[in-house]
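**Q** quick one: sequence and predicted model below, then my questions.
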Amino acid sequence: MLLAAALAVALVAAGCGDDDPPGADSQEIIVFSRTSSDTYQAAWQRGMVKTATDNGYTVTFFENNADQNEQNSQVNQQIGGGAEPAAFAWMPADASAGAATLKKLSETGIPVFQVNQLPPAGTEDYTVAYAGVNDVINGRTSGELIAQARDQMIADGKISASEPTKLAIIKFHPEFAASIDRLAGMRSVIGDDIDSGVYEIVGEAEDAVDAQTGFDAASSIMSRLQETGVDIVYAQNDASAAGVIQALIEGGFTPGGDVLVIGGNCRDDVSDLTSGRQFGTGLQGAELEGEFSMQMIINYLDNREVAAGEYEAPPTPDGYPDWPDTISKYNFIPNPPVKGDEVDGYRLWGKSMVDWCSY
């Protein structure tokens, strides 16, 4: 009887081991991401590593230079080699073109988290959850700043509330998901006002991602802006906004005077903001995003539960928020609006704006 009881206990223990999910005993997290030669990505990776290390995990990165075929090959090599990390993090070079590879990752039984860009429709079931930026939120922040800029110009007597406010938009690449999502977020705030004529879009240009391409994009519509006039210019990140500001100056405008410039997300050089040449921006920190994404992965590994819906982390000023024990299907970092005259004193999660935006 004692032998039979011992055998039964052994069988139960063996059965419990068989029920453990793949990678359950691992302390490694494998991340498929874009190249760290990009300064945003390098800072994002530092955030991932910091949070992982603080929680007893290691991180292995497989990078690609915006090459989905290369990333697909990396995934196949890891699956073929029998890799069983605690989790995979998936930052696709091209989310739609990489959907079949994401499905392969999900079929390993190891938890897969999409990071940095929202999963396209039809791929949600291949991931446990999403954690990172929400470019719709980013665009919403820009829309709020555009509305504030209009109010400021009216209050200063520079434009009339009874006439359309002239708005120009400088965008990323036209097929880039972040550009599309940011425009959608912006329109969620002021779209009705655009449609009703409160705003008149007097110029649009694209392919602006840094100062040089921002300058080129704004220059390409400068004659139009000189002809119609322009009150507010929205650029989808601060790097391109810097080029837009220079083009406006060369075109005879005074940024911070007769035209107000909105940037989509911050960078380490805040001189345009503090000088008044740029009206405002959204605080989207690269390292902050990496820390947050890894925190959500670890929280899941602690209890293996996911709540339906969305979680938007609060922009607490003096320290990290209290993380939810159960993550949501979609988990987003905050992206608070910051005006130029607020930069010096602005704090988020215990750090200054400049600290978060330096990458």
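**A** Looks like it came in fine.

**Q** phi and psi next, for the spatially most central residue of the chain.
**A** Centrality entry for the chain: nearest residue to the mean C-alpha point is Val133, 2.9 Å, by CA atoms, centre = their mean. Val133 adopts backbone torsions of phi -70, psi 160, taken as degrees, to the nearest 10.

**Q** what's the answer for Ile327, then?
**A** Dihedral angles (degrees, to the nearest 10) for Ile327: phi -70, psi 170.

**Q** surely it touches Asp302?
**A** No. Ile327 is beyond contact range of Asp302, at 9.7 Å (criterion: CB atoms under 8 Å). In this view, the C-beta of every residue, glycine as well, is placed from N, C-alpha and C.

**Q** looking at those two, which is more packed in?
**A** A direct count of neighbours by other CB atoms under 10 Å for Ile327 and Asp302 places Ile327 higher, at 25 against 12.

**Q** per-residue confidence at that one?
**A** Confidence at Ile327, expressed as pLDDT, is 98.

**Q** then Glu250?
**A** Model confidence at Glu250 (pLDDT) stands at 98.

**Q** again, but for Thr274
**A** Listed pLDDT for Thr274 reads 96.

**Q** quick one: the helices in this protein?
**A** Along the chain, the segments classed as helices by DSSP state H run 2-19, 39-54, 68-80, 99-106, 135-155, 177-196, 211-220, 222-228, 238-250, 271-275, 286-303, 353-357.

**Q** residues touching the residue nearest to the centre of the chain, list them.
**A** For Val133, the contact set (CB atoms under 8 Å, 6 or more residues apart in numbering) comprises 116-117, 284, 289, 332-333, 335.

**Q** Thr165 now?
**A** Each residue near Thr165 by CB under 8 Å, 6+ apart is listed here: 150, 153, 159, 198-200, 231-232.

**Q** one more time with 10 Å, if that's ok
**A** 146-147, 149-151, 153-154, 159, 190, 193-194, 197-200, 202, 230-232 (CB atoms under 10 Å, 6 or more residues apart in numbering).

**Q** buried subset of these, written for PyMOL?
**A** Filtering the contacts of Thr165 down to the buried ones (16 or more other CB atoms under 10 Å) takes a single PyMOL command:
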select buried, resi 146+147+149+150+153+159+190+193+194+198+199+202+230+231+232
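
**Q** surely Ser106 meets Val75?
**A** No. Taking CB atoms under 10 Å as the definition, Ser106 is not a contact partner of Val75, at 11.1 Å.

**Q** list the buried residues in stretch 303-316.
**A** Buried residues in stretch 303-316, counted by 16+ other CB under 10 Å: 306, 311, 313, 315.

**Q** in CSV: those residues, plus distance to Asp272 and pLDDT.
**A** CSV is the format used below for the buried residues of stretch 303-316 (distance: CB to CB, whole Å; pLDDT from 0 to 100):
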residue, distance to Asp272, pLDDT
Val306, 41, 98
Tyr311, 33, 97
Ala313, 27, 97
Pro315, 22, 96
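
**Q** where does this structure dip in pLDDT?
**A** 1-19 (pLDDT under 70).

**Q** care to break the protein down by domain?
**A** Using automatic domain parsing, the domain ranges for the chain come out as 25-133+285-357, 136-282.

**Q** tally of neighbours for Asp355?
**A** Asp355 has 15 neighbours, counted by other CB under 10 Å.

**Q** which of the contacts of Val133 has the most neighbours?
**A** Among those, the one with the most neighbours (other CB under 10 Å) is Asn335, at 29 neighbours.

**Q** so who does the closest residue to Val75 other than its chain neighbours touch?
**A** In space, and not counting its chain neighbours, Val75 is closest to Thr101: 5.0 Å by CB to CB, 6 or more residues apart in numbering. Taking CB under 10 Å, 6+ apart, we find Thr101 in contact with 32, 68-69, 71-76, 79, 90, 92, 126.

**Q** returning to that earlier point: check the contacts of Val133 against Ser96 and report the nearest one.
**A** Comparing the contacts of Val133 against Ser96 with CB to CB picks out Gln117 as the nearest, at 11.0 Å.

**Q** can you verify my assumption that the closest one contacts Ala131?
**A** No. Between Gln117 and Ala131 there is no contact, the gap being 11.3 Å when judged by CB under 10 Å.
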